[in-house]
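Sequence below, structure please.
(2 chains, ligands or ions: 2)
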Amino acid sequence: MPDETTAVATPPHLQLVNVWKRFGEAPKQTVAVRNVDLSIEPGAFVTLIGPSGCGKSTLFSMISGLLPPDSDGSLLLNGKVQQDGALLGKIAFMPQRDLLFPWRTVLDNATLALEVEGMPRRRARAKAEALFPEFGLGGFEQHYPHQLSGGMRQRVALMRTFLFERDLILLDEPFGALDALTRSMMQRWLLDIWAKHRRTVLFITHDIDEAIFLGDKVVVMTARPGTIKCEEAITLPRPRDLGVVTTPEFMAVKKKLLAVVEEESLKTFAAASP
Amino acid sequence: MAYGLRFIRSAWPVASALALLLLLWQFGAAALDIPTYILPRPAEIFVTAIAKWPLLGDALTVTLIEAVGGFLLGAAIGIVLAVLMILVPPLEALLMPIAVVINAVPSIAFVPLVLLWFGLGMESKIAIGALAVVLVVLLNLLAGLKRPEADAINLMRSFGAGRIGILWRLQLPAAMPGLVTGLRVGLARSTIAVIVAEMMGAYSGIGQVIYQATGQVDYLTVWAAVFVASLGSLALYGVLVAIDRKLVWWR
Ligand SMILES: Nc1ncnc2c1ncn2[C@@H]1O[C@H](COP(=O)(O)OP(=O)(O)OP(=O)(O)O)[C@@H](O)[C@H]1O
Ligand SMILES: [Mg+2]
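Numbering: from 1, shown residues only, chains lettered A, B, ... in the order given. Ligands and ions are numbered 1, 2, ... in the order given. Got it, this is the predicted structure:
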């Protein structure tokens, strides 16, 4: 497990230095993201939590290269500064909505990124098919998205993201729309997958339990304009099972984070109702 | 095999509705004592159609070739234009106003000009048929190509897809339902435009048969021609429905 207290020789996998994003012009300008500094170590599972509208998705758009950050700051991948748009195609990004294509079967949705990369269809399909049991989708290869449940759609979107083999994965609230039971199952399942594939994961969530349960590190953002409020290393042993959420260690971290998140959420409300 | 079965299943409601209509017409007209010179009975029309089949069959062949030719040409132009406009947005701003102006006039109004330019043969009918199709295909396809939201386009970009990749894997499939609508409306329009154009000047074709029979006050032949033309467009429509199923396969 990477531990940010020990100095490492290798550069962080991803580094954000003074990243800003403003929308619109001076009088009616929205500052979505402000002065974000963040380092993510290779192989780490980092969860990002913050009130609604604080700029989490905007941050992801910038990290995946879709949106250029304002010129004040910079994005570094493996220690190298990335120009605008240079990150496109380098990061596996799963957006907030599953965005499955209704005209593609589950199998062909999963291979979308591989096809874009130019892999022949047959090889892409063979590669994806091997992952179906692991993703709990065995037997659904030839179904269309509208025939799936919400949890299954989410797993297809995750598989599509994993098949786009990049070392850094961005997951924007992948389980946000799921019921509590499915959600907790998917969390454990995701940890299994992550343990097997060992990628660096940056995971957005609204749920403090989820953030702690999954993460090596929880990053809390402030209300808009969002910046990093604090970072909390989670030292709970892995592999984690359902039991950890009732341990005193978990409770202590949760209590601490709840207070911080509550404070920021209240600010969001205060700003919304002047 | 399954395909034939599906065809029969989707065709029989149409067939039985038509049969019912013809029966009602046949016996209703007789019951109401409508004179046959005002409304001939279907049986009479049927007999006339068979008697005049050499003439009507040739005319139908010509009309169908013109309608399908015009349809294919117009659809091809519409599709190419829509794709170009998506790839080169300034083209849309430039060409759309012209297209809207042309579309504001019924394509039939261009028949005299087109006859002047292309003569009385099939070329002029194909041209007018194409004109009737281009815009409806263009507009429907263009709207379909613009349907994918920014999020879906961004997903493709994040995978490293370029303009063409996004067009091919996202925008074109998303536009298929719109294209199918355009093709359906287009085919009907091209058939109508071709027949009207034939009435205004042609060597052959259903429209010309109707025109000449009208001149000779031979209304039974007019009716027979109308019947044959209806059957022809029904067959075309059936082909198109089959193509639709191929284009929008996932529904
Ligand atoms: N393209 C844009 N133009 C203008 N403002 C934008 C744009 N994109 C985002 N914003 C604004 O930036 C702020 C942050 O949005 P963002 O979607 O990043 O929030 P979020 O933290 O992901 O919220 P949620 O948790 O609800 O998903 C919002 O106030 C939003 O209105
Ligand atoms: Mg968001």
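
List the contacts of the residue in chain A positioned nearest to chain B.
Per Cβ to the nearest Cβ, the residue of chain A with the smallest distance to chain B is residue A:89, at 2.6 Å. For every residue, glycine as well, the C-beta is placed using N, CA and C. Residue A:89 sits next to A:65, B:158-160 when contact means Cβ atoms under 8 Å, 6 or more residues apart in numbering or on different chains.

can you put those in CSV and add distance to ligand 1 and secondary structure?
Output for the contacts of residue A:89, formatted as CSV (distance: Cβ to the nearest ligand atom, whole Å; DSSP: H, G, I helix; E, B strand; the rest coil):
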residue, distance to ligand 1, secondary structure
A:65, 15, coil
B:158, 16, helix
B:159, 21, coil
B:160, 22, coil
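
Quick check: the farthest pair among those residues?
Greatest spatial distance in those: A:65 and B:159, 11.0 Å, computed using Cβ to Cβ.

before we move on, back to that, most neighbours of all the contacts of residue A:89, which one?
Within these, most neighbours by other Cβ atoms under 10 Å in any protein chain shown means residue B:158, with 28 neighbours.

And the pLDDT for the residue nearest to that one when sequence neighbours are not counted?
Setting aside the residues directly before and after it, residue B:158 is nearest to residue A:93 in space (Cβ to Cβ, 6 or more residues apart in numbering or on different chains), at 4.4 Å. Residue A:93 carries a pLDDT value of 95.

Share the number of residues neighbouring residue B:216, please.
9.

Look at it and report its pLDDT.
We have a pLDDT of 93 for residue B:216.

And the helices in the stretch 101-250 of chain A?
For the stretch 101-250 of chain A, applying DSSP state H, counting those that start in this stretch gives helices covering A:106-110, A:112-116, A:121-131, A:150-163, A:180-197, A:208-214, A:248-272.

Please point out which parts of the fifth one sit buried.
To tie it back to what came earlier, the one meant is helix A:180-197. A:182-184, A:186-187, A:190-191, A:193-194 (16 or more other Cβ atoms under 10 Å in any protein chain shown).

tell me how far that helix is from the chain's mean position?
Here the centre of mass of C-alpha atoms in helix A:180-197, compared against the chain's by Cα atoms, centre = their mean, to the nearest Å, lies 14 Å away.

got the residues of chain A near chain B?
By the rule Cβ under 8 Å from any Cβ of the partner chain, the part of chain A lying against chain B is A:61, A:64-66, A:88-91, A:93, A:95, A:97, A:99, A:101-104, A:112-113, A:115-117, A:144, A:164.

List buried residues within the residues you listed.
Buried, going by 16+ other Cβ under 10 Å: A:61, A:64-66, A:88-91, A:93, A:95, A:97, A:99, A:101, A:103-104, A:112-113, A:115-117, A:144, A:164, out of these.

which ones among those are found in strands?
residue A:93 (DSSP state E).

longest single helix anywhere in chain B?
Scanning chain B for the helix with the most residues, using DSSP state H, yields helix B:53-87.

Counting neighbours, which bits of it end up buried?
Buried residues in helix B:53-87 (16+ other Cβ under 10 Å): B:55-56, B:59-60, B:62-64, B:66-75, B:77-79, B:81-83, B:85-86.

And for stretch B:162-172?
B:165-167, B:169-172.

Distance-wise, check residue B:127 relative to residue B:111.
10 Å (Cβ to Cβ, to the nearest Å).

So what touches stretch B:44-63?
Under the contact criterion Cβ under 8 Å, 6+ apart, stretch B:44-63 has outside partners B:36, B:122, B:125, B:191, B:194-195, B:198, B:204-209, B:220-221, B:223-225, B:227-229, B:232.

Stretch A:71-85 too?
With Cβ under 8 Å, 6+ apart, stretch A:71-85 has contacts from A:11-20, A:35-36, A:62-63, A:65, A:68-69, A:87, A:90, A:168.

Buried ones from these, can you make that a ChimeraX selection?
Here is the ChimeraX command that selects the buried residues among these (16+ other Cβ under 10 Å):
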select /A:12,13,14,15,16,17,19,20,35,36,62,63,65,69,87,90,168
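
Which of the contacts of stretch A:71-85 fall within helices?
Short answer: the contacts of stretch A:71-85 in helices (DSSP H) are A:62-63.

The buried residues of helix A:180-197: which ones sit near ligand 1?
Contacts with ligand 1 within those, as defined by Cβ under 6 Å from any ligand atom: none are present.

Out of these, which one has the weakest pLDDT?
pLDDT across the buried residues of helix A:180-197 is lowest for residue A:182, at 82.

Contact partners for that one?
Residues in contact with residue A:182 (Cβ under 8 Å, 6+ apart) are A:150-151, A:175.

now, among the buried residues of helix A:180-197, which is nearest to ligand 1?
Comparing the buried residues of helix A:180-197 against ligand 1 with Cβ to the nearest ligand atom places residue A:183 closest, at 16.3 Å.

The closest one contacts residue A:174, correct?
No - contact criterion Cβ atoms under 8 Å: residue A:183 and residue A:174 do not qualify, at 9.7 Å.

Excluding sequence neighbours, find me the nearest residue to the residue of the stretch 101-250 of chain B found nearest chain A.
Nearest to chain A, among the residues of the stretch 101-250 of chain B, is residue B:160, at 2.6 Å (Cβ to the nearest Cβ). Leaving aside its sequence neighbours, residue B:160 sits nearest to residue A:89 (Cβ to Cβ, 6+ apart; 2.6 Å).

Now do the phi/psi pair for the one you found.
Per-residue torsions, residue A:89: phi 90, psi 0 (degrees, to the nearest 10).

Am I right that residue A:43 sits in a strand?
No - the assignment for residue A:43, made by DSSP: H, G, I helix; E, B strand; the rest coil, is coil rather than a strand.

For it, give its distance to residue A:135.
21 Å.

And residue A:226, by the same measure?
Noted for residue A:226: a distance of 32 Å to residue A:135, by Cβ to Cβ.

which one of these two has more residues nearby?
residue A:226 (25 against 19).
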